[in-house]
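Student: okay, predicted coordinates and the sequence, questions at the end:
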Amino acid sequence: MPSPTSAGVLQTHILTEKHTILIRDEIYGEELVHEPVLVDLLQSPEVQRLHGICQHGVTGFLGLTPRVTRLEHSVGAFMLVRRVGGVMEEQVAALLHDISHTALSHVIDYALSKPGEESYHEVHKTRYLATTRLPDILARHGITQNVFQEELFPLVEMPSPQLCADRLDYALRDAVSFGKLAMEDARRVVGSLKAFPSATAANRLLVLNDPHVALTLSRAYIAADKDVWSSPAHIDMYQRTGRVIGELVEAGSVDDEMLWQVSDAEFWTLLRQAANPEQLRAIKRLEDEGIPEDDGLRLPQGAKIRTLDPDVWQGGEEQPAPLSMVLPTWGSERLQYIRSRSQH
C-alpha cells in the first residue's frame, strides 16, 4: 500500500490502487472513501490547497500553536457527518464548508473585513468559487450547488452554542492539540455522538448520549477559548499581522486574489517581499517575539467568546435537552465564563 500523506497534525490520507482514499484520523479512526464524487473532491487542487492553510492563522504558521490544517478540519467534519449517517449531499457540504478560506485563515478578517461584516471567506465565497472547477465536479456527479450553503445542512452548521460537525471537529481537534482534552476523552465524545431523531429528519440535530462526556467536552472548549481562540495575546498577533496585510493590499503592493492561490508560507514570502522597511520590522517582530504576554492586553470590542451547550439525549421517548438543563451547574458555569470574558 502507498505511504500515507499527512493532512495535518492528527490525520493522514492514503490513495489506494483501487481509486479509493483511506483516511486515518487519530480521533475518529479509519474511513475508506470510495464514492467517486468524494474521491474527486478530495483530490481536487481546491481541497488540497487547504493543506497549506493553518487553522490558527499566523500563530499556526509560525509554529506557536499546533499546525492544524483547514484540510484535516474539513475532512474531520465530513467524517463526523458520515459516521452519524448523513446523506451524500450533507457529507459533501461538510467537506467543502471551509473551501473559501484564504491564506492565514481568520487573520484576513482583521486585514480586509469591514466592521460588523461576516468573515472574509464567507463574504467572498461566491467570488472564489467562480474561479474553481468545483461546480463542474459537482455537476458531473449530480450534486447541486446547494452544498456550498452549509447553513442548509443542520448536521454541518448550527448556531452557537449547539453542536454541529464544524464546531465539534475543531473543538476536538484543537482541544486535543492544545492539551486541553485527553485523546481518550475525545474518542468518548465521538462514541457518544448521534443524529436525533435521525440523520435525514428535517429537524435533525447532533446530540451526545452522555451528559458527563458532554460536560468534559464543554469544559475543554472553554479552556481552548480562554487560552487560544479568544486570548487577547493571540488576537493581538492577528491584529498586527492584519494591519500589515491591509496596508499592503490597500497600496496595491499585494493582490487580494493571491489569498486563494498560495499557501500560508508562500503568502508570508510575498508579504516580506512587498513590505516597506517599517512593515518588514513589524513582520520580523511577529517572527522573533512570538505571542506577547497577556498583561495589559484586553479583548477587542465585539470579540467572539466561544462556549458550548450541547444537546443531550439519553434515549427513550424524551426529547434532547441542552446540557445546561440536564446539568444546571453547567449553565451557571458557562454564564460565569461569558461574564468573566466580557469584563476582560
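Tutor: The structure has been received and is ready for your questions.

Student: CA atoms only: put stretch 70-80 into CSV for me.
Tutor: Below are the C-alpha coordinates for stretch 70-80, written out as CSV (Å, rounded to 0.1, in the frame of the first residue of the first chain):
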residue,chain,number,x,y,z
ARG,A,70,-8.0,23.5,7.2
LEU,A,71,-7.8,20.3,5.2
GLU,A,72,-7.8,18.0,8.2
HIS,A,73,-10.6,20.0,9.8
SER,A,74,-12.7,19.9,6.7
VAL,A,75,-12.2,16.1,6.3
GLY,A,76,-12.9,15.7,10.0
ALA,A,77,-16.2,17.5,9.7
PHE,A,78,-17.0,15.2,6.7
MET,A,79,-16.1,12.1,8.8
LEU,A,80,-18.5,13.2,11.6
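
Student: rounded mean pLDDT for that stretch, please.
Tutor: Stretch 70-80 carries an average pLDDT of 98.

Student: and that stretch, which residues are buried?
Tutor: Using 16 or more other C-beta atoms under 10 Å as the test for burial, stretch 70-80 gives R70, L71, E72, H73, S74, V75, G76, A77, F78, M79, L80. For every residue, glycine as well, the C-beta is placed using N, CA and C.

Student: dump the residues you listed to TSV, plus secondary structure and distance to T131.
Tutor: Output for the buried residues of stretch 70-80, formatted as TSV (DSSP: H, G, I helix; E, B strand; the rest coil; distance: C-beta to C-beta, whole Å):
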residue	secondary structure	distance to T131
R70	helix	17
L71	helix	19
E72	helix	24
H73	helix	22
S74	helix	18
V75	helix	22
G76	helix	26
A77	helix	23
F78	helix	23
M79	helix	28
L80	helix	29
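
Student: make JSON lines out of those residues and add distance to T241.
Tutor: Shown next, in JSON lines, are the buried residues of stretch 70-80 (distance: C-beta to C-beta, whole Å):
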{"residue": "R70", "distance to T241": "17"}
{"residue": "L71", "distance to T241": "22"}
{"residue": "E72", "distance to T241": "22"}
{"residue": "H73", "distance to T241": "20"}
{"residue": "S74", "distance to T241": "23"}
{"residue": "V75", "distance to T241": "26"}
{"residue": "G76", "distance to T241": "26"}
{"residue": "A77", "distance to T241": "26"}
{"residue": "F78", "distance to T241": "29"}
{"residue": "M79", "distance to T241": "31"}
{"residue": "L80", "distance to T241": "31"}
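
Student: pick the one among these closest to Q11.
Tutor: Of all these, Q11 sits closest to E72, with 4.1 Å by C-beta to C-beta.

Student: tell me if I'm right that that closest one and L10 touch.
Tutor: Yes: if you go by C-beta atoms under 8 Å, E72 and L10 touch, sitting 6.3 Å apart.

Student: what touches both of the two?
Tutor: Common neighbours of E72 and L10, counting by C-beta atoms under 8 Å, 6 or more residues apart in numbering, are D25, R173.

Student: where does the prediction get shaky in the stretch 1-150 of the chain?
Tutor: Counting by pLDDT under 70, the stretch 1-150 of the chain has low-confidence residues at 1.

Student: which stretches in it count as strands?
Tutor: 5-6, 11-15, 21-25, 29-33 (DSSP state E, counting those that start in this stretch).

Student: closest one to Q301 among those?
Tutor: Closest to Q301 of the strands of the stretch 1-150 of the chain is strand 11-15 (C-beta to C-beta; 36.2 Å).

Student: count the residues that sit near I291.
Tutor: For I291, the neighbour count with other C-beta atoms under 10 Å is 17.
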